[in-house]
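Participant: with the sequence up front, the predicted model follows.
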Amino acid sequence: MGVVERNWRRVGEGHSLYSEGRNIVRETSYRLSQFESEFEENLFAARREKLAAIAALGQQAYPNSFAFTHTLSKTAEEIPALLPLGLDAEGAPKTAEALEAEHITAAVAGRIVAIRLQGKAGFATLLQNGARLQIYVRKDDVGEPAFELYKLLDLGDHVGVTGTLMRTRTGELTLKVQTLTFLAKAMLPLPDKYSGLGDIELRYRRRYLDLFTDTGDFAELAGDAAEGTKPELLRAPAREVFVKRAAVLRSLRNFFDTRGYLEVETPMLHTIAGGAAARTFTTHHNAEDMKLTLRIAPELHLKRLVVGGLDRVYEINRNFRNEGIDRTHNPEFTMLEFYQAYANYHDLMDLTQELVKQVAMDVNGTLLTRFNGVEIDLAPHNWRKYSMREAITNFVKIELGIDAHENIFDSVQNFLAFLHIAAETAKASPNANSESWKSSGGRTDARRKRQIHSGIAGFESIPGIHAQLATSRNLGKAIAETFELLAEPHLIQPTIIYDFPLAVSPLSKVKADEPEWVERFEFYIGGFEVGNAFSELNDPLDQRNRFLEQLKERERGDAEAMAEVDEDYVRALGYGLPPTAGEGIGIDRLTMVLTGSRTIRDVILFPLMRPVKAVVEVDGEQPHGESAE
RNA sequence: GGACGCGUAGCUCAGCUGGUAGAGCAUUCGACUCUUAAUCGACUGGUCGCAGGUUCGAUCCCUGCCGCGUCCA
């Protein structure tokens, strides 16, 4: 025991707690448990007494199983679902009389999320598989001991019941209980039974509670809203989001499997991190005394596989990038990457639109999704396409009214002149109107103008900017950054941005007629990048030179540039990579779009959180499992 | 990294200009055999995030720290 938290307390000495017949629960010698308050500690003690009382009734305190006949799923699967049995062939609720005549019996299990005792009877609501069913327990039906058990139940307990389906006076489908089996006790207090966890932080830290208590967020209704008006759902319930996330993965696998792609798994532990521009997490292999980095992308391994003749491969797995956390970034995130021999980036544009369409239909049954209060249409005909250069000239016109010509991208002088005019315009007319921006759900116009001005002025004020831009590499970087500043926030509806500067694309093939530009595209939905694709560079010499260029970038201080030449990857290209196109799609971000989640933390079950408790050393030992820095 | 905001009972939240804290739910006890945010009656529950400072006196004002959120970089 190296460290403990402040509130650890001793809760039990060694003894046998329950010994009714076969129901024996032994406490191990003594143990420590954590309580956050006196209230919790007292509740825990009271629940242990209830457990003893339940054991005294002849029920097991912690039984091993319950033989249920029906689930509470909304749809029938392998195990019959109970709820559809309350409906007739047309899907209308069966009447109380019809249910009584049918006498449907079932055994179901679930967690008690509401309980109402009324003297010698009571109602409770069971939650299982995300669905609810009311049960009705009458002393006359279940007998004295079972009703005593019912009175010992608490919110959060798990029970199994058998009984017959009925409908109450108020029309609710209800299981009239014949036998009641105790399954497990909630020893700690639950969140508010009506509003659930309102504390966002607790929702992430205690996802186990969030998953069965969260009912989502709704917009506040206006004071004059008509009676019965339903407020708009701003955030779907946590459980629903993660069910959909699983559906996204299933749909993607089906999409690729049916198109002849092979699912593969490549290393997460890399000796050389490559395939993306990002800072790394490093770790250490003890037995081999070897520094390892968690992968930032699977790209270079997947292309090795294409060299090996696996013409179509895909991988869905975690990437790790050592960077800040915000609405669209978590240090570990799930990436789909796929590669296809004999294809180029144009082929992947079409495939991408098809993929998004199919996944949306599989997951939501519709191509429309609401994100951040805006309706997004994912139908292929609604996608827009701009080259990066078009996007810059188009959105600088919309935002600042500036007519820019294609030749601004041809030389450092032209682009600097353009930036200067744009900055001055943004500064001079901070209150000019921009209906297009407003209608795209943006912030106030003046604020946006200031943002643009400070963004561009930031470029301009860098000491020696002219000298830095004097190389084409830096021109390319400036163009890419200008694109992000001017265009990215507008890309709410699905948009493909194609043809990227060579300088920011060390693994892409250059365009045949424009050596400073590469065959690469990214697609944007909801105002952020969802995917990135390109025609793969397959010339080993060119690739090696670009890696060397990356090393120089790193020496100049770019911490995201590649740190080492992956010579084996260059060698693999030396054996011949066919013309190939590849793409990466951020699964978390795609799930955000499809579930209307405004932050990546709402689509990751356990997003990275800082530890909250003060940890104190108890003795001189190192904490268990310490990893090397 | 910066700006702003938040942190009060187990949960959801009030708390005016500085005078040592309230509600609902949950918990505990009692009544109730068709309730459903059940109802009715009684009770319990707090280091007001942490540490300093100002003050006769701090949940409130100031500073720092921790955690979270929003926007920005």
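Facilitator: All right, it came through fine.

Participant: and A:Thr213, how many neighbours?
Facilitator: A:Thr213 has 23 neighbours, counted by other Cβ atoms under 10 Å. No exception for glycine: its C-beta is placed from N, CA and C like everyone else's.

Participant: what residues are up against A:Phe147?
Facilitator: A:120, A:137, A:139 (Cβ atoms under 8 Å, 6 or more residues apart in numbering).

Participant: oh sorry, the question was meant for A:Thr366
Facilitator: A:Ala360.

Participant: tell me if it really is in a strand.
Facilitator: No. A:Thr366 sits outside any strand when classified using DSSP: H, G, I helix; E, B strand; the rest coil, being coil.

Participant: quick check: the residue of chain A nearest RNA strand B.
Facilitator: Of all residues in chain A, A:Gly119 sits closest to RNA strand B, at 1.9 Å by Cβ to the nearest atom of the strand.

Participant: just give the nearest non-adjacent residue to A:Tyr575, would you?
Facilitator: A:Val307 (5.7 Å; Cβ to Cβ, 6 or more residues apart in numbering).

Participant: pLDDT score for the one you found?
Facilitator: On pLDDT, A:Val307 comes in at 98.

Participant: what number of residues lie near it?
Facilitator: 19.

Participant: surely it is in contact with A:Arg571?
Facilitator: No. With contact defined as Cβ atoms under 8 Å, A:Val307 does not reach A:Arg571; the gap is 9.7 Å.

Participant: what segments of the stretch 351-500 of chain A are helices?
Facilitator: For the stretch 351-500 of chain A, the helices defined by DSSP state H, counting those that start in this stretch occupy A:388-400, A:412-428, A:435-439, A:445-460, A:465-468, A:472-486.

Participant: and of these, who's closest to A:Leu165?
Facilitator: Shortest distance between A:Leu165 and the helices of the stretch 351-500 of chain A, using Cβ to Cβ, is found for helix A:435-439: 51.8 Å.

Participant: does A:Thr293 sit in a helix, a strand or a coil?
Facilitator: Using three-state DSSP, the structure places A:Thr293 in strand.

Participant: and A:Thr495, what is it in contact with?
Facilitator: So A:Thr495 contacts A:383-386, A:523-525 (Cβ under 8 Å, 6+ apart).

Participant: which one of those is nearest to A:Leu486?
Facilitator: Nearest to A:Leu486 among the contacts of A:Thr495, counting by Cβ to Cβ, is A:Tyr386 at 11.5 Å.

Participant: any idea what the residue nearest to that closest one when sequence neighbours are not counted is bridged to?
Facilitator: Excluding the flanking residues, the one nearest A:Tyr386 by Cβ to Cβ, 6+ apart is A:Ile497, at 5.8 Å. Counting by DSSP bridges, A:Ile497 forms beta bridges with A:Tyr386, A:Glu522.

Participant: surely A:Ile497 and A:Ala391 touch.
Facilitator: Yes. A:Ile497 is in contact with A:Ala391 according to Cβ under 8 Å; the separation is 5.6 Å.

Participant: distance of A:Arg132 from A:Asp214?
Facilitator: Taking Cβ to Cβ, to the nearest Å as the measure, A:Arg132 falls 14 Å from A:Asp214.

Participant: which residues touch A:Leu507?
Facilitator: Contacts for A:Leu507 (Cβ under 8 Å, 6+ apart) come out as A:275, A:299, A:534, A:536-537, A:543, A:546.

Participant: make a markdown table out of those and add secondary structure, distance to A:Tyr150 and neighbour count.
Facilitator: Below are these laid out as a markdown table (DSSP: H, G, I helix; E, B strand; the rest coil; distance: Cβ to Cβ, whole Å; neighbours: other Cβ atoms under 10 Å):
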| residue | secondary structure | distance to A:Tyr150 | neighbour count |
| --- | --- | --- | --- |
| A:Gly275 | coil | 59 | 25 |
| A:Glu299 | helix | 59 | 23 |
| A:Phe534 | strand | 64 | 24 |
| A:Glu536 | strand | 65 | 27 |
| A:Leu537 | coil | 70 | 21 |
| A:Gln543 | helix | 71 | 22 |
| A:Arg546 | helix | 71 | 18 |
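
Participant: of the contacts of A:Thr495, which fall within the contact range of RNA strand B?
Facilitator: Subset of the contacts of A:Thr495 in contact with RNA strand B: empty, counting by Cβ under 7 Å from any atom of the strand.

Participant: what does the stretch 251-400 of chain A put close to RNA strand B?
Facilitator: So the stretch 251-400 of chain A meets RNA strand B at A:324, A:326-327 (Cβ under 7 Å from any atom of the strand).

Participant: tell me how many other residues crowd A:Asn474.
Facilitator: 17.

Participant: quick one: the helices in the stretch 51-200 of chain A?
Facilitator: Using DSSP H, counting those that start in this stretch, helices in the stretch 51-200 of chain A cover A:96-102, A:139-142, A:144-151, A:200-205.

Participant: quick check, the second one touching RNA strand B?
Facilitator: Yes. Counting by Cβ under 7 Å from any atom of the strand, RNA strand B has neighbours in helix A:139-142: A:139-140.

Participant: up against RNA strand B, what does the stretch 501-629 of chain A have?
Facilitator: A:598-599, A:601, A:609-610, A:612.

Participant: more crowded one of A:Arg132 and A:Asp214?
Facilitator: A:Asp214 (23 against 17).

Participant: correct me if wrong: the more buried one contacts A:Val241.
Facilitator: No. A:Asp214 is beyond contact range of A:Val241, at 9.1 Å (criterion: Cβ under 8 Å).

Participant: okay, now the unreliable bits of chain A?
Facilitator: Applying pLDDT under 70 to chain A picks out residues A:1-34, A:75-77, A:220-229, A:429-447, A:457-473, A:612-629.

Participant: tell me the contacts of the nearest residue to A:Pro80 once chain neighbours are set aside?
Facilitator: Distance criterion Cβ to Cβ, 6+ apart; nearest residue to A:Pro80, sequence neighbours excluded, is A:His70 at 5.1 Å. By Cβ under 8 Å, 6+ apart, the contact set of A:His70 is A:79-82, A:85, A:106-108.

Participant: could I get the residues of the stretch 501-629 of chain A next to RNA strand B as a markdown table with secondary structure and neighbour count?
Facilitator: Shown next, in a markdown table, are those (DSSP: H, G, I helix; E, B strand; the rest coil; neighbours: other Cβ atoms under 10 Å):
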| residue | secondary structure | neighbour count |
| --- | --- | --- |
| A:Arg598 | coil | 17 |
| A:Thr599 | coil | 16 |
| A:Arg601 | helix | 21 |
| A:Met609 | coil | 11 |
| A:Arg610 | coil | 5 |
| A:Val612 | coil | 8 |
